[in-house]
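A.B. asks: Here is a sequence together with a model predicted from it:
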Amino acid sequence: MKNWLATTVALGALVGGCTVPEADQLILERLCEGRGPQTVDGVLRADPNTCDRGLELTIETEGFNPGCIRVALRTADGTSTVPPLELRPPPSTYQGSTLHVAVLLSDAWTDDFQVQADAFEQTCDTVPVTSDAFTASQPNKGQFRQSSLELFAMDGDGDGFVSPNSGGTDCDDFDASIMGPRSWYRDDDGDGYGNNRLPPVVQSCFGPGPTASNSGDCDDRDPLVRPDQAEFRCDGKDDNCDSNVDEGFNVGNTCTSSQGAQGVIICDPADQTRAICSGS
């Protein structure tokens, strides 16, 4: 619901010689400075050189905490636009927030204008989950107005991803540990880690087989080789995909055999769980 309140601020003397209340003059001046009657979270300016009228816009979000809100100002016919404003509401435990934007106008735009707000789950480079807009006539010179936009979506578990029923991508809106779509990687050996040399197969809530949502497998033909694996074998291989080979076995260090011969530590050819001194 749009709430319009127009307050006329005369810049000269009023009928009967009365002067404009100082408080009203300050409101318009502050709005044109991008400050407004309240703390302003952003400014949209139609004319970089002039501001003789304006709009104090309140944006209310309810049911979710958007990662980004994009606010656009344009003429109603779309012939004139200004760069959109991107706002990132502060994190909140409450599912909703209030933002204030100063929309600064002038004679540069004589036609009706449109203000639109789009809300996004994480960043403004994705598809918006909800939008609201209004079209209005220009305030008269020396006037400011107040209006609001309302953005509603449902994020039941508060994980920052909106329910699909509200246009979002949450894979399970009842479980905060399950968020939006993930990258799924080919996992030929079925060890839960996808091939680190291949791009994702798909971006979705659930992956087709054989895929895994974890990447980093440096040998997708051996299920015993994966990132969370201990370097349990002395075999000349990188069993845990950390770019180190046989760490913990001290391979290559000098040693003295049980017979007193000098040698170096090598993997035991007969037992991959241990290393031996080459002089043994």
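C.D. replies: Nice, thanks for sending it over. If you're wondering where the values come from, they're calculated on a predicted model, not measured in any experiment.

A.B. asks: in which helix or strand would I find K237?
C.D. replies: Following DSSP states H and E, one finds K237 outside all helices and strands.

A.B. asks: and it, how many neighbours does it have?
C.D. replies: By other Cβ atoms under 10 Å, the residues close to K237 number 17. For glycine as for every other residue, the C-beta is placed from the backbone atoms N, C-alpha and C.

A.B. asks: quick one: contacts for it?
C.D. replies: The neighbours of K237, taking Cβ atoms under 8 Å, 6 or more residues apart in numbering as the test, are D219, V225, V245, D246.

A.B. asks: please redo it, this time with the cut-off set to 10 Å
C.D. replies: Taking Cβ atoms under 10 Å, 6 or more residues apart in numbering, we find K237 in contact with C218, D219, D222, L224, V225, E231, V245, D246, Q272.

A.B. asks: buried subset of these?
C.D. replies: C218, D219, V225, E231, V245, D246, Q272 (16 or more other Cβ atoms under 10 Å).

A.B. asks: Is the third one in contact with D189, as I believe?
C.D. replies: This means V225. Yes - using Cβ atoms under 10 Å, V225 makes contact with D189 at a distance of 8.0 Å.

A.B. asks: Give the residues shared as contacts by these two.
C.D. replies: Each of D217, D219 lies in contact with both V225 and D189 under the rule Cβ under 10 Å, 6+ apart.

A.B. asks: which residue sits closest to the spatially most central residue of the chain, ignoring its sequence neighbours?
C.D. replies: Most central in the chain under Cα atoms, centre = their mean is Q122, positioned 2.8 Å from the mean C-alpha point. In space, and not counting its chain neighbours, Q122 is closest to G67: 4.1 Å by Cβ to Cβ, 6 or more residues apart in numbering.

A.B. asks: I'd like to know how many residues surround that neighbour.
C.D. replies: Using other Cβ under 10 Å, G67 has 17 neighbouring residues.

A.B. asks: tell me the contacts of it?
C.D. replies: Here G67 is in contact with R88, P89, P91, A119, F120, E121, Q122, T123, C124, T126, G160, F161 (Cβ under 10 Å, 6+ apart).

A.B. asks: Identify the farthest-apart pair in these.
C.D. replies: P91 and T126 (18.7 Å; Cβ to Cβ).

A.B. asks: ok, the two, which is more surrounded?
C.D. replies: Using other Cβ under 10 Å, the more surrounded residue of P91 and T126 is T126, with 13 against 9.

A.B. asks: and that one, what helix or strand is that in?
C.D. replies: According to DSSP H and E, T126 maps onto no helix or strand at all.

A.B. asks: Model confidence for it, exactly?
C.D. replies: Among the per-residue scores, T126 holds a pLDDT of 92.

A.B. asks: Could I get the phi/psi values of the residue nearest to it when sequence neighbours are not counted?
C.D. replies: With sequence-adjacent residues excluded and distances taken as Cβ to Cβ, 6+ apart, T126 is closest to F120, at 5.6 Å. Main-chain torsions, F120, degrees, to the nearest 10: phi -130, psi 150.

A.B. asks: any idea how far E121 lies from S80?
C.D. replies: In this view, E121 and S80 are 30 Å apart by Cβ to Cβ, to the nearest Å.

A.B. asks: The two: which has the busier surroundings?
C.D. replies: E121 (25 against 15).

A.B. asks: Do I have it right that the more buried one meets G167?
C.D. replies: Yes - between E121 and G167 there is a contact at 9.4 Å, judged by Cβ under 10 Å.

A.B. asks: Thanks a lot, see you next time.
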